[in-house]
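K.L.:
Pasting the sequence and the predicted coordinates here, then a few questions.
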Amino acid sequence: MYFSRSGTPSTDIDTSFFANLDIKGYVATDGRGTVSGTASGADSSFKWVVHCFTSPAMKPGDYTMVYYQGEYKVAETSVSVTAGSSTSKDISGSVETGDTIFKIGDWDGTYVSYSNPC
């Protein structure tokens, strides 16, 4: 936890001292790894999509990487994180809609387009 009386605190906080506290389950930054890659296949009308990514430092292990278009899951893959290294893993997926007879809103998994304006 971090408290500040002068507005929003800086996100650049040195927490390296945690490595010396012998906290059960804590893994220091040098014992963690990252995942970097690109995400592709989202509908181009979703302008807020960021196609390149780098994860924060993560504990070593196997993870499930999920790609969303809005709140709708369009792809899933596994990735292994190794201590002290960066893993490169791309993910791609798109919404498969089939033959649409009637549609309200975007294929993004949200209910926003269904709201009642009254």
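P.N.:
Right, received. Where do you want to start? Numbers count the residues shown, from 1 in each chain.
K.L.:
Which element, helix or strand, includes the closest residue to residue 13 other than its chain neighbours?
P.N.:
Leaving aside its chain neighbours, residue 13 sits nearest to residue 2 (6.2 Å; criterion: C-beta to C-beta, 6 or more residues apart in numbering). Placement of C-beta: from N, CA and C, glycine included. Residue 2 is part of no helix or strand, with elements assigned from DSSP states H and E.
K.L.:
Test my guess that residue 75 contacts residue 89.
P.N.:
No: using C-beta atoms under 8 Å, residue 75 is not in contact with residue 89; the gap is 11.7 Å.
K.L.:
picking that back up, what about the residue nearest to residue 13, how many neighbours?
P.N.:
The tally of other residues near residue 2 (other C-beta atoms under 10 Å) stands at 8.
K.L.:
Next, find the distance separating residue 61 from residue 35.
P.N.:
11 Å (C-beta to C-beta, to the nearest Å).
K.L.:
Need the overlap of contacts for the two.
P.N.:
The contact sets of residue 61 and residue 35 overlap at residue 81 (C-beta atoms under 8 Å, 6 or more residues apart in numbering).
K.L.:
Looking at the two, which has the bigger crowd around it?
P.N.:
The neighbour comparison of residue 61 against residue 35 (other C-beta under 10 Å) goes to residue 35, with 19 against 11.
K.L.:
Just the buried residues of stretch 36-44, please?
P.N.:
The neighbour-count check on stretch 36-44 (16 or more other C-beta atoms under 10 Å) flags 37, 39, 42 as buried.
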